[in-house]
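**Q** generate coordinates for the sequence data below:
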Amino acid sequence: MAKGRRAIQPEDRAIYWQAVQSGINYKEAARMAGISYATATKWMAKTRQTQVELDQIKLETGKGSGGNTIARDLNQMKDMPPVVPTSRVNERAARALKDFDYFRRVYLGRVPSPWQVDAAYKIVAKLDSKDKEFLVLNCPPGAGKSTLFHDVAVWCIVRNRSIRVMIGSISQTLAKMYSRRIRDTLERTVPLQPDPELVKRGLALNAEACLALDFGRFKPNNVGALWRAEEFVVEQLGGAGLDNKEPTVSAYGIESEFIGHRADLCLFDDVASPENAKESIARDKLIERWDSMAEARVDPGGVLAVIGQRLGPGDLYAHCLSKVTYEDVEEYDGTDVRFQPDAEPIKSAKYEHMVYKAYYEELDTGPASRRQDAPAWPNGPLLEPYRLTWKDLSYIRHSNPSKFQVVYQQENLDAGNYLIERVWATGGMGPDGVMYPGCVDRNRQPGYVPWGLEGPLISVASVDPSPTQFWAIQWWIYQPSTNLRYLIDIERCKLSAEELLGYDTGSGVYSGIMDEWQNRSLSAGYPITHWIVEVNAAQRFLLAHDFVRKWQAFHSVNVVPHTTHRNKLDENLGVEALLPPLWRTGQVRLPTMIENWKTLALIDEMTSWTRNKKNGTDLVMAHWFAELHMPKLSPLMAPPKRWRPSWFADTGMIR
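**A** Reported below is the predicted structural model:
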């Protein structure tokens, strides 16, 4: 290199070729890159000469054989460096890094959508937190929720190529489709030109640029780089970390195995469905997978967000929103207020709830504000005036009010008709201004009896059977002196009569849940004295078979038959008369909700029970059976105190 000649940096070379490939003449491109016009002229002349040589070889051979070296040289001339540093991007790209709405319009051809921009900023802002952040985003169908998550993922990758993004959905196929869409956006080298019909209807715009030209390529240039539809790694600054880096984007269905993968941004879309939003095996399986797998994938400082429209009181979003987290109490700071080490920690919602309704009645100023060309929320009553028109919404609102309220307005259906309010169970300040004590024992796991219960006590089990659906079985211990009833354990599954209580005539051995629980209660020191079972055509065997009567005599236990008819709606003894007062005052004591589907399932049913509900009431009914019959049962008396020598002091051992 001649003395005094400036070395051209790779970043400047990248800016030059970006400008040329985007249609700018090479004189202006040279000015943008900070290189001389003479240098640009030499580059262009050499590029044209090399292209002519390559075309000549192809013409002579018919296949281009022998031109590999020349083609490689041509690619190296135009090839951009892997990444353009943020400090060296052009003005357009620099603005796009900060302005999400501008980024979407310029690079993705999106029509401005205020609610999507608002949601994107809130999601990305959570990435600045040092803690794990959890979000539930509810919006109506047709508002562009999948597009929002795609655009947020792309924007985060452009801003920080080292980020790890997990895309989740109800199936691996759907998650892979979303991931492929992100990959295609990143590797596009020509500005997006959407369907002209969409542009004409105002649903899309012609993009002005593409990401690979303004920010440097995202698809790695080295052979063997991970670049598949379900997972891929984008090019890093200087090519660093390509061999060992975890996938930039990975896609998983909720039923897939993703134990070993963790991410900074977990975006789950289309996970809830009408099938898994109601009481079913599908719902139980989804909740279990979500609690044990999905929530564990986000790293500290990361964000997990799940998006979709509400489907009912039993959907995944209701399950997430019912979760609470505990904040440690502040340590003693030296003031005259004595620190209590066992003070109750502060409860707060684990998930932040972001709600976008299809229609905001308080912003409705008349027919003009509901036109398709009217301003969208927050300046107008409609979230998406063009996509979710007032004509369509008003039809649903009047023809199917419950669907409009839940699916489009993201509200709880018939909230005033539910059996209890959720705050009665979890504790805290209710919407009516009352501080409720709650019903959850935070440190007690299911299956364990609280320590220090004094007699007399009533230990009972209740069974709500079903010939074809789920059975509900509950074990309760009632303490009359305190009027508290403790839920010890719950089972909810499909059973046959023999699986409830069976007998092997050959070995003389009993089996089934009844025998198992009876032995458990005996070992715990609180034997179940009564089994309250709803009797119908499928369960009458409990009163008919001889082996059942022998089992009762062996364990000194009674089977109490219960028949449900109109008494469940009785004004004095029905479900609505007996259960709500107990939950409101905290007289029902439940095991912890932390990683415990049993307590959560009971609370979900209690908060979604209505008079007309047909399915998903088995846990409530088993609870009612027990409560209805408890006053009629004799308490379990404490065993007589045996004499012991005076030197044998009470050691406080567990009974």
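**Q** low pLDDT regions in the stretch 351-500 of the chain?
**A** Residues of the stretch 351-500 of the chain that meet the criterion pLDDT under 70 lie in 413-417.
**Q** can you pull out the helices in it?
**A** Taking DSSP state H, counting those that start in this stretch, the helices of the stretch 351-500 of the chain run over residues 390-399, 401-403, 422-426, 497-500.
**Q** tell me which of the ones you listed sits most buried.
**A** Among the helices of the stretch 351-500 of the chain, helix 422-426 has the highest mean neighbour count (mean count of other Cβ atoms under 10 Å), at a mean of 21. Any C-beta I mention is one placed from the backbone N, CA and C, and that applies to glycine too.
**Q** show me what that helix is in contact with.
**A** Outside of helix 422-426, the residues within contact range by Cβ atoms under 8 Å, 6 or more residues apart in numbering are 322, 324, 347, 429-431, 436, 438-440, 580, 583-584, 590, 593, 603, 606-607.
**Q** so which of the residues you listed sit within strands?
**A** V324, K347, M429, Y436 (DSSP state E).
**Q** and those, which are buried?
**A** Using 16 or more other Cβ atoms under 10 Å as the burial test, those include V324, K347, Y436 as buried.
**Q** spatially nearest residue to the second one (excluding sequence neighbours)?
**A** Right, K347. V324 (4.9 Å; Cβ to Cβ, 6 or more residues apart in numbering).
**Q** just to revisit the earlier point, now render the ones in strands among the contacts of helix 422-426 as TSV, adding distance to A626.
**A** Output for the ones in strands among the contacts of helix 422-426, formatted as TSV (distance: Cβ to Cβ, whole Å):
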residue	distance to A626
V324	26
K347	28
M429	30
Y436	22
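**Q** which regions of the stretch 551-655 of the chain lie under the pLDDT threshold?
**A** Within the stretch 551-655 of the chain, the ranges that satisfy pLDDT under 70 run 566, 612, 614, 634-655.
**Q** which of the residues in stretch 297-306 are buried?
**A** R297, V298, G302, V303, L304, A305, V306.
**Q** from the contacts of helix 422-426, list the buried ones, please.
**A** 322, 324, 347, 436, 438-440, 580, 583-584, 590, 593, 603, 606-607.
**Q** just put the buried residues of stretch 297-306 in TSV and tack on distance to D464 and pLDDT.
**A** Shown next, in TSV, are the buried residues of stretch 297-306 (distance: Cβ to Cβ, whole Å; pLDDT from 0 to 100):
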residue	distance to D464	pLDDT
R297	36	87
V298	37	90
G302	41	93
V303	40	95
L304	35	95
A305	37	95
V306	31	95
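**Q** can you add distance to A282 and give those residues back as a markdown table?
**A** Converted to a markdown table, the buried residues of stretch 297-306 look like this (distance: Cβ to Cβ, whole Å):
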| residue | distance to A282 |
| --- | --- |
| R297 | 21 |
| V298 | 24 |
| G302 | 28 |
| V303 | 27 |
| L304 | 21 |
| A305 | 22 |
| V306 | 17 |
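**Q** can you put those in CSV and add distance to V89 and secondary structure?
**A** Below are these laid out as CSV (distance: Cβ to Cβ, whole Å; DSSP: H, G, I helix; E, B strand; the rest coil):
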residue, distance to V89, secondary structure
R297, 32, helix
V298, 29, strand
G302, 26, strand
V303, 25, strand
L304, 30, strand
A305, 27, strand
V306, 33, strand
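**Q** of all those residues, which two lie farthest apart?
**A** For those, the farthest-apart pair by Cβ to Cβ is G302 and V306; their separation is 13.9 Å.
**Q** measure the spatially most central residue of the chain to H319 for me?
**A** The residue lying closest to the centre of the chain (Cα atoms, centre = their mean) is V306, at 4.3 Å. Taking Cβ to Cβ, to the nearest Å as the measure, V306 falls 10 Å from H319.
**Q** R549 now?
**A** For R549, the distance to H319 equals 42 Å [Cβ to Cβ].
**Q** out of the two, which sits in the busier spot?
**A** H319 (24 against 13; other Cβ atoms under 10 Å).
**Q** isn't L363 up against L383?
**A** No - look at L363 against L383 with Cβ atoms under 8 Å: they stay out of range, at 10.4 Å.
**Q** what's the overlap in contacts for these two?
**A** Common neighbours of L363 and L383 (Cβ under 8 Å, 6+ apart) are W377.
**Q** who has more neighbours, the two?
**A** Neighbour totals were compared for L363 and L383, and L383 leads with 26 against 14 (other Cβ under 10 Å).
**Q** the more buried one contacts C139, correct?
**A** Yes - under the criterion of Cβ under 8 Å, L383 makes contact with C139 at 7.4 Å.
**Q** joint contacts of these two?
**A** Counting by Cβ under 8 Å, 6+ apart, the common neighbours of L383 and C139 are W115, Y356.
**Q** using a markdown table, lay out the helices of the stretch 351-500 of the chain together with distance to V233.
**A** Conversion of the helices of the stretch 351-500 of the chain to a markdown table gives the following (distance: least, Cβ to Cβ, whole Å):
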| stretch | distance to V233 |
| --- | --- |
| helix 390-399 | 42 |
| helix 401-403 | 43 |
| helix 422-426 | 42 |
| helix 497-500 | 50 |
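**Q** so which of the ones you listed comes closest to A461?
**A** helix 497-500 (11.0 Å).
**Q** could you list the paired strands of the following helix or strand past that closest one along with their orientation?
**A** Heading C-terminal from helix 497-500, the first helix or strand you meet, by DSSP states H and E, is strand 502-504. Using DSSP bridges, strand 502-504 pairs in its sheet with strand 509-511 (antiparallel).
**Q** pull out the buried positions in the partner strand.
**A** For strand 509-511, by 16+ other Cβ under 10 Å, it's Y510.
**Q** wait, D299 sits on R262?
**A** Yes - checked against Cβ under 8 Å, the pair D299 and R262 is within contact range at 5.0 Å.
**Q** identify the contacts common to the two.
**A** R164.
**Q** any stretches of the stretch 1-150 of the chain with poor pLDDT?
**A** 1-7, 9-11, 14, 18-19, 21-23, 49-82.
**Q** one more pass at 80, please.
**A** 1-34, 37, 42-82 (pLDDT under 80).
**Q** now swap in the stretch 201-350 of the chain and tell me
**A** Scanning the stretch 201-350 of the chain for pLDDT under 80 picks out the ranges 202-203, 221-224, 238-246, 256-260, 275-281, 312-314, 325-347.
**Q** which residue ranges of it form helices?
**A** 211-215, 281-289, 316-321.
**Q** could you say what helices and strands the shortest one packs with?
**A** To tie it back to what came earlier, the one meant is helix 211-215. helix 10-21, helix 91-98, helix 145-159, helix 172-187 (3 or more Cβ pairs under 8 Å, 6 or more residues apart in numbering; DSSP states H and E).
**Q** what's the answer for the second one, then?
**A** If contacts are counted by 3+ Cβ pairs under 8 Å, 6+ apart, helix 281-289 sits against helix 316-321, helix 597-608.
**Q** nearest to V165, out of those helices?
**A** For the helices and strands packed on helix 281-289, proximity to V165 was assessed by Cβ to Cβ; helix 316-321 is nearest, at 20.0 Å.
**Q** restricting to C-alpha, output that closest one in CSV.
**A** Extracted in CSV, the C-alpha atoms of helix 316-321 (Å, rounded to 0.1, in the frame of the first residue of the first chain):
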residue,chain,number,x,y,z
LEU,A,316,-54.2,-21.6,30.0
TYR,A,317,-54.3,-17.9,30.5
ALA,A,318,-56.6,-18.1,33.6
HIS,A,319,-54.3,-20.7,35.0
CYS,A,320,-51.3,-18.4,34.5
LEU,A,321,-53.1,-15.4,35.9
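**Q** thanks a lot, catch you later.
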